[in-house]
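# Here is my input; please provide its structure:
(one chain, ligands or ions: 1)
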Amino acid sequence: IKSEVGLFGLGVMGKSLALNMATKGIHVAVYNRHVEKVEVDIAKDFAGEHTGIFNFPWFDDLAAFVDNLSQPRNILLMVNAGKTVDIVIKGLIHFLEEGDLIIDGGNSHYKDTARREKELAKKGILFLGAGISGGEEGAKKGPSIMPGGTRMAYDRAGKYLEKIAARDSKGNPCCAFIGPQGSGHFVKMAHNGIEYGEMQLIAEFYHYFRFGYKFTPEKISAIFLDWNKEIQSYLLEISADILLKKEGEEFLIDKILDAAKQKGTGGWSTNSALELGVPLDTITAAVMARNISAIKEERKTAEKLYEKPSAETIQNQNFNDLFSAYKSASIINHAIGFSLLTAASKEYNWELNLSEIARIWTNGCIIRSAFMENLIKIFKDTPETNLLVHPQIVEQLKDYQKSHRQVAGEALGSGYPMPVLMAAQNYFLSYTSGQAAANMIQAQRDYFGAHTYERNDKPRGEFFHTDWKPDN
Ligand code: 6PG
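Numbers count the residues shown, from 1 in each chain. Below you'll find the model as predicted:
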């Protein structure tokens, strides 16, 4: 019999998704190019490892792979984002026919996805750009899936994607049609933006506790576990685990080089915020924190040139304040991430359903947490408004602000950077200030460049210019 789905690319995610599909009773054929130099046939080996349990027709020949698929064909690409996707599509389309469907399950850029969809549509080939979150384990047991493209493509692929997705608290799949064009990959990008913010925020508290408070990794782990009784965040949970991992007598965390890598999605979120003209403080701060971490040698040199404010251990701090500051920054980071979705939805007419997006992020994905569960209802009540003005969030954030500012101030005062914590507070203060500093910016622009300005005492849209040179 022919296979219902062809899985192209047996990296970690590809293998896990193939197993997930097979477990759900989907007939899946697997393809991986033959890797000459290492003398292995990845597809053959993978199929071999599972004989007796699952039957994976395996291929390293494109024509035979495509021929094994029932028509119209469904092919899921799990290859590296970027040029590879174009190369693979180019190779595949020779063998495909009108009505066949390609799903790109990688972290592709949403603009590439929109372009690919258009190009393939000319040939009558359907295309979905599906963000898939959850890492290896998520892919195997049930990831969160964010597919974007045409309805028609989703109508075909949805049944498979929904089968392999994680389940929300009501048992519904953490997979839903996101919208047209590259919207699925845009939503995955914003997910990763929030992910960068949350990861960095946790890392900042770890750093502050470890070096400012001189806590042992065990103690920090215990604090995170305690916080996580309320927060139920996957990222906080794995951070608590990480802190306990030992190598011999020593904690592994102490041996890991403090220079972060990244594959792009965080920075793309910032780029898209720049294009859309919207703020993205916490996410951008998290990307920049990775960038500055990467210049380790420069940091080491510069460290010797300045004294830290104080080498003493920080003692006098209330732990409730620290927890409140964490919660405040995390809520603000989510507000910022979702506001990027709102802005893109308006700009591109995607009609994104934020409540549904929050729902499919409640399980399977990296940023799942108890808060995400609340967001389903919050965005149902008030779609398209910034989280910061929702009454329930206002109530929560009001309580946390004093602590958030205090912790940020104390961290700075004692010489510890907390870029996301501080970016969150700056965003909060700016977003909730009726009076910004920008009247001065406008005056400066008008002074040196006659760029004109609007006035408080005149209707918006009327522009004024002043001859600013002091009269002598
Ligand atoms: C997920 C992750 C996943 C991947 C990131 C890591 O949702 O499952 O986001 O997609 O781990 O791409 O990104 P960086 O390498 O940029 O940290």
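
# Leaving out chain neighbours, which residue sits closest to the residue of the stretch 101-250 of the chain at minimum distance from the ligand?
Per CB to the nearest ligand atom, Ser133 is where the stretch 101-250 of the chain lies closest to the ligand, at 3.1 Å. All C-beta atoms are positioned from the backbone trio N, CA, C, and that covers glycine. In this structure, Ser133 finds its nearest non-sequential neighbour in Cys365, 3.7 Å apart by CB to CB, 6 or more residues apart in numbering.

# In which helix or strand does the one you found reside?
Counting by DSSP states H and E, there is no helix or strand that carries Cys365.

# thinking it is in contact with Gly138, fair?
Yes: look at Cys365 against Gly138 with CB atoms under 8 Å: they come within range, at 6.9 Å.

# Identify the contacts common to the two.
Listed as contacting both Cys365 and Gly138 by CB atoms under 8 Å, 6 or more residues apart in numbering are 144, 166.

# Could you give the number of residues near Lys118?
For Lys118, the count of nearby residues is 11 (other CB atoms under 10 Å).

# ok, now how distant is it from Val35?
32 Å (CB to CB, to the nearest Å).

# any idea which element Ser108 lies in?
According to DSSP H and E, Ser108 maps onto no helix or strand at all.

# Low-confidence stretches in the protein?
Along the chain, segments meeting pLDDT under 70 span 37-39, 310-312, 315-316.

# Now do Tyr206 against Gly212, distance only.
11 Å.

# now do Met422
Met422 is 15 Å from Gly212, by CB to CB.

# now Ala343
For Ala343 relative to Gly212 (CB to CB), the value is 36 Å.

# try Gln444
Applying CB to CB, the value for Gln444 to Gly212 is 38 Å.

# Which residue of those two possesses the greater neighbour count?
Between Gln444 and Gly212, Gly212 has the larger neighbour count (other CB under 10 Å), namely 20 against 14.

# what are the phi and psi angles of the more buried one?
Per-residue torsions, Gly212: phi -80, psi -50 (degrees, to the nearest 10).

# got it, and Val278?
phi -120, psi 160.

# In contact with it: list those residues for me.
Here Val278 is in contact with 339-340, 343 (CB under 8 Å, 6+ apart).

# ok, the residue of the stretch 301-450 of the chain found nearest the ligand - contacts?
The ligand sits closest to Ile366 of the stretch 301-450 of the chain, with a gap of 4.3 Å, by CB to the nearest ligand atom. Residues in contact with Ile366 (CB under 8 Å, 6+ apart) are 133-135, 138, 191, 195, 234-235.

# Same check on Gly337?
Residues in contact with Gly337 (CB under 8 Å, 6+ apart) are 190-191, 193-194, 197, 269, 283.

# As a markdown table, those residues with distance to Ile53, secondary structure and neighbour count would be great.
Formatted as a markdown table, the contacts of Gly337 follow (distance: CB to CB, whole Å; DSSP: H, G, I helix; E, B strand; the rest coil; neighbours: other CB atoms under 10 Å):
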| residue | distance to Ile53 | secondary structure | neighbour count |
| --- | --- | --- | --- |
| Ala190 | 37 | helix | 29 |
| His191 | 32 | helix | 25 |
| Gly193 | 38 | helix | 30 |
| Ile194 | 37 | helix | 28 |
| Gly197 | 40 | helix | 32 |
| Ser269 | 40 | helix | 28 |
| Ile283 | 42 | helix | 29 |
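
# Kindly indicate which of the residues you listed lies nearest His334.
Ile194 (6.1 Å; CB to CB).

# Please look at the closest one and Ile283 and confirm they touch.
Yes: contact criterion CB under 8 Å: Ile194 and Ile283 qualify, at 7.1 Å.

# Please identify the helix or strand for the spatially most central residue of the chain.
Centroid-nearest residue in the chain, with CA atoms, centre = their mean: Asn192, separated by 0.9 Å. Take DSSP H and E as the rule and Asn192 turns out to sit in helix 183-207.

# Off-centre distance for that helix?
Once both centres are worked out by CA atoms, centre = their mean, to the nearest Å, helix 183-207 turns out to sit 5 Å from its chain's centre.

# So which bits of that helix are buried?
Of all the residues in helix 183-207, those buried under the rule 16 or more other CB atoms under 10 Å are 183-207.

# immediately after it, which helix or strand?
Immediately after helix 183-207, counting by DSSP H and E, sits helix 217-231.

# tell me what that next one is packed against?
helix 183-207, helix 234-244, helix 319-348, helix 370-381 (3 or more CB pairs under 8 Å, 6 or more residues apart in numbering; DSSP states H and E).

# Could you check how far Ile1 is from Pro57?
Counting by CB to CB - Ile1 and Pro57 are separated by 9 Å.

# So which of those two has more stuff around it?
More crowded of Ile1 and Pro57, by other CB under 10 Å: Pro57, with 19 against 8.

# Please, which helix or strand holds the closest residue to the more buried one other than its chain neighbours?
Residue nearest to Pro57 in three dimensions, not counting chain neighbours: Ala29, with 4.2 Å by CB to CB, 6+ apart. Per DSSP H and E, Ala29 falls inside strand 28-31.

# Just the CA coordinates for the next helix or strand after that strand, please, in PDB.
Once the chain leaves strand 28-31, the next helix or strand it forms, by DSSP H and E, is helix 42-49. The C-alpha coordinates for helix 42-49 follow below in PDB (Å, rounded to 0.1, in the frame of the first residue of the first chain):
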ATOM      1  CA  ILE A  42      20.100   7.500   7.400                       C
ATOM      2  CA  ALA A  43      16.600   6.500   6.100                       C
ATOM      3  CA  LYS A  44      17.500   2.800   5.900                       C
ATOM      4  CA  ASP A  45      19.000   2.800   9.400                       C
ATOM      5  CA  PHE A  46      16.000   4.600  10.800                       C
ATOM      6  CA  ALA A  47      13.600   2.200   9.300                       C
ATOM      7  CA  GLY A  48      15.800  -0.700  10.400                       C
ATOM      8  CA  GLU A  49      15.800   0.400  14.000                       C
END
